[in-house]
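K.L.:
okay, structure incoming, though there's no sequence with it:
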């Protein structure tokens, strides 16, 4: 008893060391418990994947082949290690033939998809940007109609934000490791569904030929909140508080406080004679693989791909008339934030019937205090809390007014203003210069591996 009393006196007299020691021990115990639970969870996933690998194939059935496009720079270089620890073992245990291609530069995933061949699926291991590159490369192909059926897309979320994966695998969005494991097992289980794609085109301004379109799965953002989100990584010294620091200091920086634009759009349509006649005609025509993709001499000895007839469109729309279909409406706006969302974004408001994009226009202006408050709420909950006008659209054109400047900018010197002219959109977290654009919803454009076969 006396010994115990002496121990407590020693701990009390050295309370600083005692407190530090308790913190270290608590952290170690918590880390050990978390590691143990993770290993047990991965063990179960490995056992399930092995059942697929051990199952005999039907006579004459080929082994599934997948190509993994891995971005080793994702999540500040941690993506490669996460893929190898949590995802690759499941793929190899499943019995599939797995080829891994590591990208080394921006845009390489897009180029790889342009020449992709000899596999049954393409898996993108990276963030939202790498996924957008892959989808853009797939839909830019000359044989895109055939390629989207041939190459379903797997999503392994080893990036920093992974917003698209969190939307497709909603149940696991708050557990990063389980999200990666479930996304990988969706490929092993071969669960697929169709998802919408947003096509973004730069409008011809008469000065130069517009570039090729970009195809996105999640969102297009413009405005002050986008600008701060882009700068969060610069506050890495703040650790887990860096989003709060970014909004605290960003509120007094040169942000896009006014998204001012001429805006015109068409409303969604469930299908009518005006919009579906051409779609029905295209759906009944056979689609072949592009000969432009196969130009080497030895391709002449490979049997030509059989035509793929799409029979999805079966309803007769010839007698359905929608007077609003294809009619352009104009709504010029000035707002602190602009968003265009597909159903693959967590912020999208269901239902998605008829198929549409959700355009959100933020308030015309916002005080710096309210801006910080809203930013902190978004950092904590991931949800917008400011009132925004929601407009469902099938297609829209936006011509930004880049000549206007905020009041804060008007007080600067000419030399400083010249360096702040550039404004940016974010398309699935990749930056694109603000220009006049046309954005169109492509319903059910591609197939992705998902948590279940249900829509």
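P.N.:
All right, it came through fine. These numbers come from a predicted model, not from an experiment.
K.L.:
can you list the domains in the chain?
P.N.:
62-200, 219-269+326-427 (automatic domain parsing).
K.L.:
now the ones you listed in CSV, with distance to residue 446, mean pLDDT and mean neighbour count?
P.N.:
Glycine gets a C-beta too; all of them are placed from N, C-alpha and C. As requested, these are exported to CSV (distance: least, Cβ to Cβ, whole Å; pLDDT from 0 to 100; neighbours: other Cβ atoms under 10 Å):
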stretch, distance to residue 446, mean pLDDT, mean neighbour count
domain 62-200, 5, 94, 20
domain 219-269+326-427, 11, 87, 17
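K.L.:
relative to residue 26, which of these is closest?
P.N.:
domain 219-269+326-427 (17.4 Å; Cβ to Cβ).
K.L.:
may I see the domains of the chain arranged in a markdown table, with distance to residue 439 as well?
P.N.:
A markdown table is the format used below for those (distance: least, Cβ to Cβ, whole Å):
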| stretch | distance to residue 439 |
| --- | --- |
| domain 62-200 | 5 |
| domain 219-269+326-427 | 6 |
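K.L.:
if I read this right, residue 443 contacts residue 353, doesn't it?
P.N.:
No. Assessed by Cβ atoms under 8 Å, residue 443 is found out of contact with residue 353, at 10.6 Å.
K.L.:
which residues touch stretch 42-58?
P.N.:
The list of residues contacting stretch 42-58 from outside it, by Cβ atoms under 8 Å, 6 or more residues apart in numbering, reads 63, 86, 89-91, 93-95, 177, 181, 184-185, 188-189.
K.L.:
can you check stretch 183-190 too?
P.N.:
45, 48-49, 52, 64, 66, 86-87, 90-91, 94, 96, 121, 123, 154-157, 165, 168-169, 449-451.
K.L.:
tell me the contacts of the nearest residue to residue 171 once chain neighbours are set aside?
P.N.:
For residue 171, ignoring the flanking residues on the chain, the nearest one in space by Cβ to Cβ, 6 or more residues apart in numbering is residue 451 at 6.9 Å. Residues in contact with residue 451 (Cβ under 8 Å, 6+ apart) are 168, 169, 171, 182, 186, 191.
K.L.:
of those, which belong to strands?
P.N.:
Judged by DSSP state E, the contacts of residue 451 include no members of strands.
K.L.:
closest to residue 243 out of those?
P.N.:
Using Cβ to Cβ, the contacts of residue 451 come closest to residue 243 at residue 169, 22.9 Å.
K.L.:
next, the closest one: phi, psi?
P.N.:
phi -110, psi 60 (degrees, to the nearest 10).
K.L.:
change the start of the numbering to 53 and stick with it
P.N.:
All right, first residue 53 from here; so that's residue 221.
K.L.:
quick one, what contacts it?
P.N.:
Contacts of residue 221 were listed using Cβ under 8 Å, 6+ apart, and they are 231, 234, 235, 238, 502, 503.
K.L.:
pull the contacting residues for the second one.
P.N.:
Neighbouring residues of residue 234 by Cβ under 8 Å, 6+ apart: 221, 223, 224, 503.
K.L.:
one more: the first one?
P.N.:
For residue 231, the contacting residues are 209, 214, 217, 218, 221, 224, 225, taking Cβ under 8 Å, 6+ apart as the criterion.
K.L.:
part of a helix, is it?
P.N.:
Yes. Assessed by DSSP: H, G, I helix; E, B strand; the rest coil, residue 231 belongs to a helix.
K.L.:
phi first, then psi, for the spatially closest residue to residue 283 that is not a sequence neighbour.
P.N.:
Take residue 283 and drop its neighbours on the chain: the residue closest to it by Cβ to Cβ, 6+ apart is residue 298, 5.4 Å away. Dihedral pair for residue 298: phi -60, psi -40, per degrees, to the nearest 10.
K.L.:
and the gap between residue 298 and residue 250?
P.N.:
Residue 298 sits 26 Å away from residue 250 when distances are taken as Cβ to Cβ, to the nearest Å.
K.L.:
same question for residue 385.
P.N.:
19 Å.
K.L.:
I'd like the contacts of stretch 94-110 laid out as CSV, including distance to residue 86 and secondary structure.
P.N.:
Compiled in CSV, the contacts of stretch 94-110 are given as follows (distance: Cβ to Cβ, whole Å; DSSP: H, G, I helix; E, B strand; the rest coil):
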residue, distance to residue 86, secondary structure
115, 36, coil
138, 14, helix
141, 19, helix
142, 20, helix
143, 24, helix
145, 23, helix
146, 26, coil
147, 31, coil
229, 9, helix
233, 15, helix
236, 20, helix
237, 21, helix
240, 25, helix
241, 26, helix
